[in-house]
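Visitor: Kindly return the folded structure for what I paste below:
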Amino acid sequence: MDTLFYQTLHPKTDEHGRYFAHCLMLFTVVSLLWGCQRTSSSDAMKTGGNHPESVVFTEKSVVTHAQGFGIEYHENYKIIHIFHPFQDQPDTLSYLLLPKDVDIPAALDQLPVIRIPVENLFVLSTTHVALTDALDANEVIKGVSAIQHICDENLRQRTEAGEILEVGGEGNLNMEAILAANPEVVMASGMQSALFRKFNVLLQANIPVLVNSEWLESTLLGRAEWIKLMGALLNKEAEAHAHFDAVVHEYERLKELAATVNPSERKTVINGIPYKGTWYVAGGKSYFANLLKDAQADYHWADTEATGSLSMDFESVYPVALEADGWFPGEFIDTREALLTKDARFADFKSVQHGNVFSNNKQMCEGGGNVYWVSGIVNPHLILADFIKILYPELLPEYELYYHKRLE
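Guide: Numbers count the residues shown, from 1 in each chain. Model (predicted):
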């Protein structure tokens, strides 16, 4: 295996910075081909002439994989559209991104205004931290939901020092604390539309709540591309493009590698685990099902139209699970014994008998957070590499699982 490819593919946990340096090396060739058509983020916003309100954005993001958001660029401002902010409604939310010294255009004064570059950001999900971290911009985070789920030591220290405000989970937010802090923007996860009403008190105080619905994307690359949304907020479009394009390069290389598997040798897999009598399996249009497709795995529910989970009873999944080569139950099971304690019938499964059950909790951080849910969104190629290694280890003989581990 090519040395540079292997180093890029498999970073060490404590070498996060060097990992992205390797990614950027891969992207350099492409960047050189673009030449003068692209500029660094330091040139991404220029003032035209002598007029202080004439702003031209020379670095512009183009969305290629994500379906849930779009970015418009105009002289003096940007507009972000969130096309699917809610699970249950097709509404679009739009936000006006305006440089700090530019007046609000009269025709757009009905839109929530986010002053850029954002310097005071409250994030309510660990995946939002992953986006700022990938852009080397964690300093803009001034509020988090629950620090115990965040693995970055610097953010934890800043929270302990009182530099970052902990405001509780989205189900139990301390609205008074957020109002008092008056952040430039609060980033919330996509949700049911009715749940968005809890943010009304912030909206009435002119604190914009930006809905990030990356988890509703149907592909891992679509989820990863939300880094461009963060890039637009921070005027770091160049850095966002560099990261994403390097990830796409690695993901496509791995996908092509997996495509060499003989169709007759494709492995079958199941996912999820029964919870209170219901077994939730990934729908055929979900990012998990598309990941399995890219890893050349056969998945029983691949032809279903659901973009989220399918609710199944045990008896419906059981005959499929009996013959599946691999099983990915999630993060809450650590040992085979713990698995069988939940239901003795699991012992009948081929995956259990052959020791091919894998959880995604190989790396856990001090407060109990799972690195998979912290950084997986910006590292889809590592998730794909894990699945290829698990299903077809001969294709990646030197690779070590990064997010997943075999149950003891």
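
Visitor: quick one, strands of the stretch 1-150 of the chain?
Guide: Along the stretch 1-150 of the chain, counting by DSSP state E, counting those that start in this stretch, strands occupy 45-47, 55-57, 69-74, 77-82, 93-99, 113-116, 121-123, 141-144.

Visitor: most packed of the ones you listed?
Guide: Ranked by mean neighbour count, the strands of the stretch 1-150 of the chain are led by strand 121-123 with a mean of 28 (mean count of other CB atoms under 10 Å). From N, CA and C alone the C-beta is placed, and that goes for glycine too.

Visitor: what's the distance between it and the middle of its chain?
Guide: Relative to its parent chain, strand 121-123 has a centroid offset of 16 Å by CA atoms, centre = their mean, to the nearest Å.

Visitor: Start at 15, not 1
Guide: With the count now opening at 15, the last piece we talked about shows up as strand 135-137.

Visitor: who touches that strand?
Guide: Applying CB atoms under 8 Å, 6 or more residues apart in numbering, the contact partners of strand 135-137 are 143, 146, 154-159, 179, 181, 192, 195, 197-201, 247.

Visitor: Paired strands for that strand, with orientation please.
Guide: Its sheet considered, strand 135-137 pairs with strand 155-158 (parallel), strand 199-203 (parallel) by DSSP bridges.

Visitor: So for the shortest one, mean pLDDT?
Guide: Strand 155-158 comes out with an average pLDDT of 97.

Visitor: likewise stretch 81-97?
Guide: What stretch 81-97 shows for mean pLDDT is 97.

Visitor: Ok, stretch 314-326 next?
Guide: Here the average pLDDT along stretch 314-326 is 94.

Visitor: swap in stretch 407-422?
Guide: Rounded mean pLDDT across stretch 407-422 is 96.

Visitor: Next one: residue 191 from residue 110, what distance?
Guide: Distance of residue 191 to residue 110, given as CB to CB, to the nearest Å: 26 Å.

Visitor: related to what we said a few turns ago, need the strands paired with strand 135-137 in JSON lines (columns: distance to residue 280).
Guide: Shown next, in JSON lines, are these (distance: least, CB to CB, whole Å):
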{"stretch": "strand 155-158", "distance to residue 280": "42"}
{"stretch": "strand 199-203", "distance to residue 280": "34"}
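
Visitor: Can you say which of the ones you listed is nearest to residue 77?
Guide: strand 199-203 (17.7 Å; CB to CB).

Visitor: Give me the next element, helix or strand, following the closest one.
Guide: helix 214-218 (DSSP states H and E).

Visitor: what does that next one rub up against?
Guide: So helix 214-218 is contacted by 126, 189, 192-193, 200, 223 (CB under 8 Å, 6+ apart).

Visitor: what distance separates it from the centre of its chain?
Guide: 27 Å.

Visitor: same question for that helix, mean pLDDT?
Guide: Helix 214-218 shows a mean pLDDT of 95.

Visitor: Only C-alpha atoms, please: export that helix in PDB.
Guide: Listed next in PDB are the C-alpha coordinates belonging to helix 214-218 (Å, rounded to 0.1, in the frame of the first residue of the first chain):
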ATOM      1  CA  ASN A 214     -38.700  31.400  20.100                       C
ATOM      2  CA  VAL A 215     -37.300  33.300  23.100                       C
ATOM      3  CA  LEU A 216     -33.900  33.500  21.400                       C
ATOM      4  CA  LEU A 217     -35.400  34.500  18.100                       C
ATOM      5  CA  GLN A 218     -37.400  37.300  19.700                       C
END
